[in-house]
Structure formats: structure tokens, C-alpha cells
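S.K.: what would the 3D arrangement of this be:
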Amino acid sequence: MAGAGALAVSLGLCLCAGQLVAPSAASAAPIITAAASAKVTPSVKSSISTRSITYGAKIKVTAKYINPANGKVITSGTVRLQALRKNKWVNLSAKALSSSGSVTLTGEPHVSGAVRAYYVGTPTYKAKAGGKFSVTVKAPGATKVISEAKKHVGSLYKYGAAGPSRFDCSGYTMWVYKKAVGKSLPHKANSQQKYGKSVAKGSKQVGDLIIFRNGSYGYHAGIYAGGGYMYDSPHTGARVSKRKMIGSNYVVRRLV
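M.R.: Predicted structure coming up:
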């Protein structure tokens, strides 16, 4: 029987209950798994509407995706507009590809940095990032005004002075608006209340010019800092500072 067993193995037969039995075709056939079709890596062409914007403005990134294997456009899948923030890509907007294989994405980046179009992929196509575009976001006028106002905190008051190291109240506001946003003001609080756009007290914003009045006469000028505070050069012996607003009889003028 040992000889018969060896013979059975060599012939691919099964020795069952002393009889040689050929295995069934199903059990003898090797199991073959079809390899999944490899995904195609798209090619992409992308462009951007502008590389420099003012804070609050929007950009547009256009991208077109093509199957490099046959030259046809890709019409399925979603593309995201992403911005690089602290070494991570964050989504600004998303849109599905059109029948032309292209998409135009709109976003509002609030800080300078890189942006890109990113195709998320499908069962047929691999994910694919478009080229990176560097976008510069210019600070809004109000931010520039406050930034300039802060630079002079600690400067001594001096009557009739308009910088660079000493200021009276209107000399301070005159200096700040000129340096920050190029707005020229006269060196007198009463005259400054006639400049810019009149704004209701309840609608005042950071960076607005505040003129305090006695009746209708403007006697003191400051720059609104938000939360009921202002930057100003108060009086003799004091220094430029951020402090609580000093009264309720005032007008608000918007220069930026």
C-alpha cells in the first residue's frame, strides 16, 4: 500500500478506502483572482485669476482634468479649492467637474499663502493635486490704521505736535491716517469731523475716526479700537494709549 500511495501522489490521485480516485476538476483547478484594474492618474492644467487681493476679496482657480491614456477629458469626480494653513491643506470650496472636464472654484483666503485645486479621485481615477499658487492678501485699511496707532503708544502729548515722537490729539490722528492709508486730515479736531463718511454710533467699526464734541464743536479726536475703547493722545502730561471712550457726545467718521 505504501507503494500505491506514492504512486497516487505522483499521479495526482487520491487513495480513498483502498481505491484510487481522481480529484474533481473544481478542486484540482488553481484559484485565480483577477487583479483589480489600475487607477489612472489624471493630468491637470490649472490657472488662477489673481495672485494679489485685498482682504475680503475672492480668487478663482480654474482646473481641467484629462485622461492621459486616451486624451479625453474627465467628467466625473469632485475638485476642492484648498489653502495651505500651518502646513495643512484646508478646504475653501468644492465643485463637481463639468462635462468639459473643467471646474472654476471660488474662495476667500484671509491670509497670504499657497492655494491649489485638488481632485479627490474616483474608482477609476487617482486623486490629483494641481499646481500651487502663491496668493498675497493685503491687510484692510482698518487693520493698517490700528497697526500704525499702536506703534505710537507711549508717546508724550505735546500741544501743536503732529509726530513723529510727540502728538496732540488731532496731530496723532492726522499722522496715523496719513501713514497708514494715505488719508490727509487737517490739524484740528473740529475740522476733522467734516472728513470721511458719517457713520451712526451704533455702526462704528475698528479704525473709525471719533470726534468728541461740545455741542457741535469738535474738541478731541481719537481712533476707535473696538469694545468701547479708543487710541488717542489725551492731554498735557499724558501719553498716547488705548483707553475707554470719554463720553457720549461724539461723531463717527469713516475714512477707510
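
S.K.: for the most centrally placed residue in the chain, give its distance to Ile59.
M.R.: Residue closest to the average C-alpha location in the chain (C-alpha atoms, centre = their mean): Pro109, at 2.8 Å. When distances are taken as C-beta to C-beta, to the nearest Å, Pro109 and Ile59 turn out to be 7 Å apart. Glycine gets a C-beta too; all of them are placed from N, C-alpha and C.

S.K.: quick check: neighbours shared by those two?
M.R.: For the pair Pro109 and Ile59, residues contacting each of them under the criterion C-beta atoms under 8 Å, 6 or more residues apart in numbering are Ile53, Val115, Val135.

S.K.: gap between the closest residue to Lys132 other than its chain neighbours and Pro140?
M.R.: For Lys132, ignoring the flanking residues on the chain, the nearest one in space by C-beta to C-beta, 6 or more residues apart in numbering is Ala114 at 4.6 Å. As judged by C-beta to C-beta, Ala114 and Pro140 stand 21 Å apart.

S.K.: which regions of the stretch 151-256 of the chain lie under the pLDDT threshold?
M.R.: Segments of the stretch 151-256 of the chain classed as low confidence (criterion: pLDDT under 70) are not present in this model.

S.K.: test my guess that Lys144 contacts Gly182.
M.R.: No. Under the criterion of C-beta atoms under 8 Å, Lys144 makes no contact with Gly182, lying 9.8 Å away.

S.K.: which residues of the stretch 51-200 of the chain fall in helices?
M.R.: According to DSSP state H, counting those that start in this stretch, the stretch 51-200 of the chain carries its helices in the segments 141-151, 169-181, 189-192.

S.K.: what's the most buried one of these?
M.R.: Highest mean neighbour count of the helices of the stretch 51-200 of the chain: helix 169-181, a mean of 23 (counted as mean count of other C-beta atoms under 10 Å).

S.K.: tell me what it is packed against?
M.R.: Packed against helix 169-181 by the contact rule (3 or more C-beta pairs under 8 Å, 6 or more residues apart in numbering; DSSP states H and E) you find helix 141-151, helix 189-192, strand 217-226, strand 229-232.

S.K.: and the pLDDT for Pro109?
M.R.: Predicted confidence (pLDDT) for Pro109: 91.

S.K.: nearest residue to it in space, please, no chain neighbours.
M.R.: In space, not counting the residues next to it along the chain, Pro109 is nearest to Ala83; the distance is 5.2 Å by C-beta to C-beta, 6+ apart.

S.K.: quickly list what the one you found is bridged to.
M.R.: Listed beta-bridge partners, Ala83: Val90, Val115 (assigned using DSSP bridges).

S.K.: contacting residues for it?
M.R.: Under the criterion of C-beta under 8 Å, 6+ apart, the contact partners of Ala83 comprise Trp89, Val90, Leu92, Gly107, Pro109, Gly113, Ala114, Val115.
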